[in-house]
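**Student:** Below is the structure, and that's it, no one-letter string:
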């Protein structure tokens with residue numbers, strides 16, 4: 001690898017890790033705004049989305065420039081392809097954080113009510129998946145990445161259970177229909193964040209091992225797929 005290419009790739013790594021940290025914090029703050037009914041915090045998340053969008057575009061441009069100027073191969077090429085995909089997933093997670101913040105602002109404007117299901121547990125598990133997927137990226141840890149992938153079904157199950165509870169409660173407490181629907185929508189956003197965290201973990205495995213494991217659950221368990 002040439003000195004110039006190494007410098008470009010090191011800079012690319014720094015930028016994607018910096019974006020990862022920003023996105024992870026936005027998700028945390030969005031969930032907090034929902035749980036605390038903090039409409040001001042929700043507005044900050046909504047207004048800050050442009051920063052993530054701008055960074056996503058600049059990182060993509062950096063990737064394309066490296067591809068055009070240096071024509072990397074093997075490990076370097078896999079890294080750039082993976083960064084392109086992870087970059088897009090991070091921007092989408094940022095959008096989902098904004099969606100949660102919008103639901104939080106709307107929820108805060110409704111009559112007070114206790115959240116009647118364990119949305120906090122679902123958000124905690126989702127954030128843990130996101131955090132671990134990004135840690136696997138930082139440390140190129142495919143074992144951790146596989147554990148992230150294996151946890152996606154649990155979040156899917158929790159979203160399904162919340163939907164069933166909302167359907168039951170709408171008939172019991174019609175005055176809270178709007179709030180319940182906002183919470184249901186937030187749970188869907190959390191489930192999508194978990195899906196994207198899984199995508200990032202899969203891309204880390206591709207980056208390190210050159211192995212595409214999408215749609216192959218058996219490969220979540222071990223590096224050999226056995």
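**Tutor:** Yep, it's here. Owing to the predicted nature of the structure, the values given are computational and were not obtained by experimental measurement.
**Student:** Sketch out the low-pLDDT regions of this structure for me.
**Tutor:** Applying pLDDT under 70 to the chain flags residues 1, 215-226.
**Student:** try 90
**Tutor:** For the chain, applying pLDDT under 90 flags the ranges 1-6, 13, 70-76, 78-79, 111-120, 134, 137-140, 168-176, 207, 210-226.
**Student:** could you say what helices and strands the helix or strand containing residue 75 packs with?
**Tutor:** Taking DSSP states H and E as the criterion, residue 75 maps to helix 74-108. If contacts are counted by 3 or more Cβ pairs under 8 Å, 6 or more residues apart in numbering; DSSP states H and E, helix 74-108 sits against helix 3-35, helix 39-47, helix 49-70, helix 177-209. Placement of C-beta: from N, CA and C, glycine included.
**Student:** Next, the angle helix 74-108 makes with the shortest one.
**Tutor:** Put plainly, it is helix 39-47. Angle of helix 39-47 versus helix 74-108, following axes from the mean of the first three to the mean of the last three Cα atoms, to 10 degrees, is 140 degrees.
**Student:** Which strands or helices does helix 39-47 pack on?
**Tutor:** Using 3+ Cβ pairs under 8 Å, 6+ apart, helix 39-47 sits against helix 3-35, helix 74-108.
**Student:** Skip ahead from the longest one and say which helix or strand is next.
**Tutor:** In other words, helix 74-108. The first helix or strand that comes after helix 74-108 along the chain, using DSSP H and E, is helix 119-139.
**Student:** Identify whichever of the helices and strands packed on helix 39-47 lies nearest to residue 63.
**Tutor:** Among the helices and strands packed on helix 39-47, helix 74-108 comes nearest to residue 63, with 5.0 Å by Cβ to Cβ.
**Student:** Can you report how many residues lie near the closest residue to residue 45 other than its chain neighbours?
**Tutor:** Closest residue to residue 45 apart from its sequence neighbours, by Cβ to Cβ, 6 or more residues apart in numbering: residue 101 at 3.8 Å. The tally of other residues near residue 101 (other Cβ atoms under 10 Å) stands at 31.
**Student:** so who does residue 101 touch?
**Tutor:** 29-30, 33-34, 41-43, 45-46 (Cβ atoms under 8 Å, 6 or more residues apart in numbering).
**Student:** how about CSV for the residues you listed, with neighbour count added?
**Tutor:** Compiled in CSV, the contacts of residue 101 are given as follows (neighbours: other Cβ atoms under 10 Å):
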residue, neighbour count
29, 20
30, 30
33, 27
34, 28
41, 19
42, 26
43, 15
45, 27
46, 19
